[in-house]
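S.K.: Structural data only, the sequence is not supplied:
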């Protein structure tokens, strides 16, 4: 079974070099490494011209013209030749047994369509080392439980995977691509959620195994969706993506339940009416209510975009 590693990158040469160094140290070498880069990203191309960066990796560069992670990932999928496509971020560094564990998992289970694992997040000089048992689930209410960076225990079936560490069987994604309708100038929030839910909906098994691990060093983003300074436009786009995916991928009753849960309750990230009411008691009421309006605006735009589309 051949494994292709897919790494989309944009203007983060030091991070990319660290990622490729980790791939050079794999106990089971990847059969192909595809780096997807913008044609005008001179920093990346300069980095890759240094022979030490790719080393002996079977590396090719797939050029993409359109901006954004969705276009880059789809370009990479088209360029990948492996039986399994293992996707990681340029600011991640796979553990030494990452490729070996991925290959073994897919070889041992013909029903396995996708595999994810833990991303050990390095933040402000420390590693986030908590533990959670519930990972990657869509609840009956429509609430999303992530926790991919904190998962502990054995391998278990899940609903969604995280983009920094997810692998797919080629046969499972022959007719599936990342959704070009998703909004955003760069990262296009929730593209990984939409893709993994589409594979699940197609009848394949998704598994999360925390032993399939990468170190993750969240790096600067060159778009409106900054990691520490998200704009209201980015929040509206993220909410649009989130609700478009739920309406696409959940069965009718579940999607309507989710709509009303997110409308009435929500979370701090995507507040509903309950959070909006509580915001009135806060000394940051103006900002919090602006967030609520942005979220609900994006949600309603997604609902309108999906109107008239067959289930």
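M.R.: Cool, got the structure. Note that the coordinates shown come from a computational prediction; the quantities given were computed from them, not determined experimentally.

S.K.: Packing partners of the helix or strand hosting residue 199?
M.R.: Taking DSSP states H and E as the criterion, residue 199 maps to helix 191-201. Here helix 191-201 touches helix 69-79, strand 112-116, strand 165-169, strand 205-208, helix 232-249, going by 3 or more CB pairs under 8 Å, 6 or more residues apart in numbering; DSSP states H and E. Where C-beta positions appear, they are placed from N, C-alpha and C, glycine not excepted.

S.K.: try 10 Å this time
M.R.: helix 69-79, strand 112-116, strand 137-138, strand 165-169, strand 205-208, helix 232-249 (3 or more CB pairs under 10 Å, 6 or more residues apart in numbering; DSSP states H and E).

S.K.: Any stretches of the chain with poor pLDDT?
M.R.: 222-229, 308-311 (pLDDT under 70).

S.K.: can you rerun that using 50?
M.R.: 310-311 (pLDDT under 50).

S.K.: quick one: buried residues of the lengthiest helix in it?
M.R.: Ranked by residue count and defined by DSSP state H, the top helix of the chain is helix 285-306. Judged by neighbour count using 16 or more other CB atoms under 10 Å, the buried positions of helix 285-306 are 288-289, 291-292, 294-296, 298-299, 301-303, 306.

S.K.: Same question for stretch 50-63.
M.R.: So, applying 16+ other CB under 10 Å, buried residues of stretch 50-63: 53, 54, 57, 59, 61, 62.

S.K.: got the angle for the helix holding residue 199 vs strand 165-169?
M.R.: Per axes from the mean of the first three to the mean of the last three CA atoms, to 10 degrees, the angle that helix 191-201 makes with strand 165-169 is 30 degrees.

S.K.: oh, and call the first residue 40 from now on, that's how I've got it
M.R.: In the new numbering, first residue 40, that becomes helix 230-240.

S.K.: can you list the buried residues of stretch 89-102 in TSV and add secondary structure and distance to residue 42?
M.R.: Formatted as TSV, the buried residues of stretch 89-102 follow (DSSP: H, G, I helix; E, B strand; the rest coil; distance: CB to CB, whole Å):
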residue	secondary structure	distance to residue 42
92	coil	20
93	coil	17
96	coil	12
98	strand	14
100	strand	18
101	strand	17
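
S.K.: circling back to that earlier point, same list, the buried residues of helix 324-345, but as a markdown table with distance to residue 296 please.
M.R.: A markdown table is the format used below for the buried residues of helix 324-345 (distance: CB to CB, whole Å):
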| residue | distance to residue 296 |
| --- | --- |
| 327 | 25 |
| 328 | 26 |
| 330 | 23 |
| 331 | 21 |
| 333 | 23 |
| 334 | 18 |
| 335 | 18 |
| 337 | 19 |
| 338 | 14 |
| 340 | 20 |
| 341 | 16 |
| 342 | 14 |
| 345 | 16 |
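
S.K.: of all the residues you listed, which comes closest to residue 87?
M.R.: Nearest to residue 87 among those is residue 337, at 36.7 Å by CB to CB.

S.K.: Could you check the angle the helix holding residue 238 makes with helix 108-118?
M.R.: Interaxial angle, helix 230-240 versus helix 108-118 (the same axes, to 10 degrees): 50 degrees.
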